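J.: with the sequence up front, the predicted model follows.
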Amino acid sequence: MTSIKSKVAVLKTTPETILNDYQRLLHLANYQSALSQDKDTIIKLNLSWTRYFPACSSQPWQLEGVVKTLLADGFMPNRLFPLENKTVVTDPIKGAHNNRWLAILDKYKLSFTSLPDVKWVKYRFAKKLLILDKIFPEGIEIPEMFIGKNIIHLPTVKTHGHSVTTGAIKNSFGGLLKQVRHYAHKHIHEVLVDLMIMQKELHPGILGVMDGTVCGDGAGPRTMVPIIKDYILAGSDSVALDAVAAKIMGFDPLKIDYLRICNEMELGNAEMKNIEVVGEDISGVDFGFKTKKSLVIWGDQMLRKGALKTVGKIALHPALVSWAPLASNLYHDFIWYPLIGNPRVAKFMKTKWGELFSKY
């Protein structure tokens, strides 16, 4: 653990006050002490599904609340870079449209950057990594534009079948690793620690702003049960922010390996006694969430490190692995979403937050 206490701001909010509440949240978190206006600032969105599904990806009011606050506080629009990456199962441009990001960015005269369109370079990190240099022995490629820029992560409060929970730390998984990053799932906790090491070297300022207006329980990051909780969180210590999110979801942060290791390596605070929570009193908050595995994540883990790992060496070989994203898309987009996801989205759209989403 680090010797300095970390601060995480937590607020309750409503659809009527959400944009003002995001401004208040950022100021409570003293965000400008972490982000210098003299540096360019990346706004790293979170796209877990090309389709819209509540709690799955960055919410439109989350993006607008952050952008509106930054501009009101004097950040120059030409120094803000909203962006997201592609995976083998997501399309950043279609996802930005479906999740209503593009309309917001157009409103504030900002441009969206799709990371497959930028220059990637091999980067040699000064500090020793736990695993990524072994997963990518030919060198770790990162977007050249990330070097020397501040970064703001916009995750949501949700569970994850690979990493138990997901948040600000894992949001960097979709920015610093290329499309083939699914090879990192086998050692996900060590990979997330490496990403924290990498970010501290690359970015002069880091901020996480997490939306928990509607949270995801169960088989995240996609096939979840969306549950309205009306919380928003922010902090400049990604480890502490993810620890607080884990705590309110009902998990012991130190029993989640990536948070425990980050804490031990002094990459941030994961012990609640070393985190100052400002705003709401969360001492009695426990959502009672339980992490489950979707059929796709269960199969992935069986092939990579479970009973089918012998078969997996062949099935997941780079020359043959193209079947996997096809199977994932078939299951998620053509089976789960029509049969289970659509009814959940329809139910959500009748709520106060669903009505707000419809206005975007």
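T.: Good, I have the coordinates.
J.: give me the three-state assignment for the closest residue to M224 other than its chain neighbours.
T.: Of all residues not flanking M224 in the chain, G216 sits nearest, at 3.5 Å (Cβ to Cβ, 6 or more residues apart in numbering). All C-beta spots, glycine's among them, are computed from the backbone N, C-alpha and C. With DSSP: H, G, I helix; E, B strand; the rest coil as the basis, G216 sits in strand.
J.: G216 reaches P155, doesn't it?
T.: No. At 10.7 Å, G216 does not count as touching P155 under the criterion of Cβ atoms under 8 Å.
J.: more neighbours: which of these two?
T.: Neighbour count, other Cβ atoms under 10 Å: between G216 and P155, P155 has more, with 32 against 27.
J.: how about E141, phi and psi?
T.: Main-chain dihedrals, E141, degrees, to the nearest 10: phi -90, psi 140.
J.: can you confirm W336 is in a strand?
T.: No. Judged by three-state DSSP, W336 forms no part of a strand; its state is helix.
J.: verify the stated contact: it with T223.
T.: Yes. At 5.6 Å, W336 counts as touching T223 under the criterion of Cβ under 8 Å.
J.: tell me which residues in the longest helix anywhere in the chain are buried?
T.: Assignment by DSSP state H gives helix 188-202 as the longest helix of the chain. Judged by neighbour count (16 or more other Cβ atoms under 10 Å), helix 188-202 contains these buried residues: 188-199, 202.
J.: average pLDDT for that helix?
T.: If you average the pLDDT over helix 188-202, you get 96.
J.: which secondary structure elements does it contact?
T.: helix 132-135, helix 168-171, helix 173-176, helix 238-249, helix 257-264 (3 or more Cβ pairs under 8 Å, 6 or more residues apart in numbering; DSSP states H and E).
J.: what about 7 Å?
T.: helix 168-171, helix 173-176, helix 257-264 (3 or more Cβ pairs under 7 Å, 6 or more residues apart in numbering; DSSP states H and E).
J.: pick the most deeply packed of these.
T.: Highest mean neighbour count of the helices and strands packed on helix 188-202: helix 168-171, a mean of 27 (counted as mean count of other Cβ atoms under 10 Å).
J.: can you say which of the helices and strands packed on helix 188-202 is nearest to G208?
T.: The closest of the helices and strands packed on helix 188-202 to G208 is helix 168-171. By Cβ to Cβ, the value is 3.2 Å.
J.: now do the closest one, average pLDDT.
T.: 96.
J.: and that helix, what does it pack onto?
T.: Where contact means 3+ Cβ pairs under 7 Å, 6+ apart, helix 168-171 is packed against helix 188-202, helix 238-249.
J.: can you add distance to Y31 and give those back as JSON lines?
T.: As requested, these are arranged in JSON lines below (distance: least, Cβ to Cβ, whole Å):
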{"stretch": "helix 188-202", "distance to Y31": "16"}
{"stretch": "helix 238-249", "distance to Y31": "12"}
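J.: picking up where we left off before, looking at W336 and T223, which is more packed in?
T.: A count of neighbours by other Cβ under 10 Å puts T223 above the other of W336 and T223, at 25 against 18.
J.: how much space separates that one from L326?
T.: When distance is defined by Cβ to Cβ, to the nearest Å, T223 is 18 Å away from L326.
J.: then T41?
T.: 37 Å.
J.: with F251 instead?
T.: Counting by Cβ to Cβ - F251 and L326 are separated by 33 Å.
J.: ok, the two, which is more surrounded?
T.: Between F251 and L326, counted using other Cβ under 10 Å, the more crowded position is F251 (21 against 11).
J.: beta partners for K7?
T.: Beta bridges link K7 to E276 when assigned by DSSP bridges.
J.: and the residue nearest to L356 when sequence neighbours are not counted, what element?
T.: Leaving aside its chain neighbours, L356 sits nearest to P15 (4.2 Å; criterion: Cβ to Cβ, 6+ apart). P15 belongs to no helix or strand when assigned by DSSP states H and E.
J.: helices of the stretch 1-150 of the chain, start to end?
T.: Under the criterion DSSP state H, counting those that start in this stretch, the stretch 1-150 of the chain contains helices at 18-28, 60-72, 92-98, 101-107, 132-135.
J.: and the second one, what does it pack against?
T.: Pointing back at helix 60-72 there. Looks like helix 60-72 contacts helix 18-28, helix 101-107, strand 206-219 (3+ Cβ pairs under 7 Å, 6+ apart).
J.: which strands and helices sit next to the shortest one?
T.: Yep, that's helix 101-107 we're talking about. By 3+ Cβ pairs under 7 Å, 6+ apart, helix 101-107 packs against helix 60-72.
J.: and the helix it packs on, which residues are buried?
T.: P60, W61, Q62, L63, E64, G65, V66, V67, K68, T69, L70.
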